[in-house]
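Engineer: let's see this in three dimensions:
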Amino acid sequence: MSQTELARFIDAERVSIVAEWESFARSIQPTSGGMNASALRDHADEILTAVVLDMKSQQTAAEQAEKSKGRGAAQRLEAIGQIHAALRIESGFKLGQMVAEYRALRASVLRLWEKEGSDPSGVTRFNESIDEALTEAVNRFTETTDHYRDQSLGILSHDLRNPLAAIVTGATLFLNSEGLDDRSVRIAARMLSSARRMDRMIADLLDLTRTRFGDAIPIVRAPIDLGPLCRQVTAELEGLRPDGNLRFTAEGDLRGEWDGDRIAQVLSNLLRNAIQHGSASEPITLTVAGHGAEVLLAVHNSGRPIPPGRLATIFEPMSRHEGERPGNAGLGLGLFIASQVVLAHGGALDVTSTTEGGTTFTARLPRRAPVSAS
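Structural biologist: Take a look at the predicted model:
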């Protein structure tokens, strides 16, 4: 049968093909996802339309050769492919998972085509073999490149800490020197502030590389009371809200066994996120409450809600809010690190965000380590 007949067959079986696409996409979507049916099958119909139009169009031998080398001029396929890739990246899909979607789409078409008795030359079996080899090659390629990239990032981050420590020490000594004029004091203070911000970025990068290599963020548990710790972190960040509307409330028993420095990191990251993205005219609240075997930390801000499409990936590394203000957000690792620290304590970090209720990040922290982790 001709390629035109196959194109007509794809049009006729479009509903069945898209249904299989959705089913397969659901089986490989990231575990953090909560994508609905519409999101899972997004662009499947558009891709099929573009393929059918391309198959029905005239193509010279030279154009076919160029297409086989990845230099085709099918603008329809290029456009829809780029849009689909961008949306899958936002949804947390990896390269191999997205390639597998196209593999499944082609397999669905050829399987249905074969049932019609229209594949006497074994084209379906050949394509399945090529797809299997391609998938394995893509997976190994991405795993290897990700490993080397993360390893290099970890080494670089570690090696930067020593020269940065020297800058912090020098700026601190300079700032504490006597006889400095106002301009020199401002310069020294700016140097120290920038160096400390760089130190936080480097620490986040080191934590990122640990988690990418499959390691949990290290914690050292000790008996602490979260009340004084929360007051301290809130006081340190009050300067970022000149109007002073950064509020802390506590209730219940706040004692337990946690890594104090790491919990302070969680609080700092969540509060900085709220300060950056919350309404400047409304207060930001940190509420800590002890309930039974766990303590809840909740950071709330009013203002523009997080778009629903971003909620599924809000705790992914390098994830940023819509309308990010350049220069203030660091590396986009704050929420990711916070979630990993809470997870290392055996807890969970959740978020709700609506126009009416504002945005609330809630960390649930067990007072003690789980028996299996002790």
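Engineer: got the CA positions of whichever strand or helix holds Gly96 in CSV?
Structural biologist: Assigned by DSSP states H and E, Gly96 falls within helix 95-115. The C-alpha coordinates for helix 95-115 follow below in CSV (Å, rounded to 0.1, in the frame of the first residue of the first chain):
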residue,chain,number,x,y,z
LEU,A,95,14.9,13.1,27.4
GLY,A,96,14.5,9.4,27.4
GLN,A,97,10.9,9.6,28.5
MET,A,98,10.0,12.0,25.8
VAL,A,99,11.7,10.0,23.1
ALA,A,100,9.8,7.0,24.4
GLU,A,101,6.5,8.8,23.8
TYR,A,102,7.3,9.2,20.1
ARG,A,103,8.4,5.6,20.0
ALA,A,104,5.0,4.6,21.4
LEU,A,105,3.2,6.8,19.0
ARG,A,106,4.9,5.2,16.0
ALA,A,107,4.4,1.7,17.5
SER,A,108,0.7,2.3,17.9
VAL,A,109,0.3,3.4,14.3
LEU,A,110,2.3,0.5,12.9
ARG,A,111,0.6,-2.1,15.2
LEU,A,112,-2.9,-1.0,14.1
TRP,A,113,-1.6,-0.9,10.5
GLU,A,114,-0.3,-4.4,10.8
LYS,A,115,-3.6,-5.7,12.0
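Engineer: quick check: buried residues in that helix?
Structural biologist: Judged by neighbour count (16 or more other CB atoms under 10 Å), helix 95-115 contains these buried residues: 95-110, 112-113. All C-beta atoms are positioned from the backbone trio N, CA, C, and that covers glycine.
Engineer: likewise stretch 194-210?
Structural biologist: 195, 198-202, 204-210.
Engineer: between those, which sits nearest Thr49?
Structural biologist: Nearest to Thr49 among these: Leu208, at 39.9 Å, using CB to CB.
Engineer: surely the closest one is in contact with Glu316?
Structural biologist: No: when contacts are counted by CB atoms under 8 Å, Leu208 is not listed as touching Glu316 (11.0 Å).
Engineer: so what's in contact with the two at the same time?
Structural biologist: Phe336 (CB atoms under 8 Å, 6 or more residues apart in numbering).
Engineer: quick one: neighbours of Thr287, just the number.
Structural biologist: 17 (other CB atoms under 10 Å).
Engineer: can you confirm it is in a strand?
Structural biologist: Yes: under DSSP: H, G, I helix; E, B strand; the rest coil, Thr287 sits within a strand.
Engineer: so who does it touch?
Structural biologist: 248-251, 296-298, 300.
Engineer: can you tell me which of these are in strands?
Structural biologist: 248-251, 296-298, 300 (DSSP state E).
Engineer: still on that earlier bit, need the buried residues of stretch 194-210 in JSON lines (columns: pLDDT, secondary structure and distance to Gln82).
Structural biologist: Below are these laid out as JSON lines (pLDDT from 0 to 100; DSSP: H, G, I helix; E, B strand; the rest coil; distance: CB to CB, whole Å):
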{"residue": "Ala195", "pLDDT": "80", "secondary structure": "helix", "distance to Gln82": "40"}
{"residue": "Met198", "pLDDT": "78", "secondary structure": "helix", "distance to Gln82": "35"}
{"residue": "Asp199", "pLDDT": "76", "secondary structure": "helix", "distance to Gln82": "38"}
{"residue": "Arg200", "pLDDT": "72", "secondary structure": "helix", "distance to Gln82": "35"}
{"residue": "Met201", "pLDDT": "74", "secondary structure": "helix", "distance to Gln82": "31"}
{"residue": "Ile202", "pLDDT": "76", "secondary structure": "helix", "distance to Gln82": "34"}
{"residue": "Asp204", "pLDDT": "72", "secondary structure": "helix", "distance to Gln82": "30"}
{"residue": "Leu205", "pLDDT": "73", "secondary structure": "helix", "distance to Gln82": "29"}
{"residue": "Leu206", "pLDDT": "72", "secondary structure": "helix", "distance to Gln82": "34"}
{"residue": "Asp207", "pLDDT": "72", "secondary structure": "helix", "distance to Gln82": "32"}
{"residue": "Leu208", "pLDDT": "71", "secondary structure": "helix", "distance to Gln82": "27"}
{"residue": "Thr209", "pLDDT": "70", "secondary structure": "helix", "distance to Gln82": "30"}
{"residue": "Arg210", "pLDDT": "65", "secondary structure": "helix", "distance to Gln82": "33"}
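Engineer: in what helix or strand does Ala338 lie?
Structural biologist: helix 334-344.
Engineer: would you map out the domains in the protein?
Structural biologist: 3-120, 147-212, 222-373 (automatic domain parsing).
Engineer: next, work out how far apart the nearest residue to Leu271 once chain neighbours are set aside and Asn269 are.
Structural biologist: Residue nearest to Leu271 in three dimensions, not counting chain neighbours: Leu237, with 5.3 Å by CB to CB, 6 or more residues apart in numbering. As for Leu237, its distance to Asn269 is 11 Å (criterion: CB to CB, to the nearest Å).
Engineer: quick one: which of the two has more around it?
Structural biologist: Taking other CB under 10 Å, Leu237 and Asn269 do not tie; Asn269 has more neighbours (23 against 18).
Engineer: now the strand or helix carrying Glu5: buried residues?
Structural biologist: Element membership for Glu5 (DSSP H and E) is helix 3-12. Residues 6-7, 9-10 are the ones in helix 3-12 that count as buried (16+ other CB under 10 Å).
Engineer: so what's the residue nearest to Leu271 up against?
Structural biologist: 246, 268, 271-272, 275.
Engineer: ok, now Val341?
Structural biologist: 217, 219, 259, 262-263, 265-266.
Engineer: cool, and Leu229?
Structural biologist: 260, 263-264, 267.
Engineer: CSV for these, including secondary structure?
Structural biologist: Below are the contacts of Leu229 laid out as CSV (three-state DSSP):
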residue, secondary structure
Gly260, helix
Ile263, helix
Ala264, helix
Leu267, helix
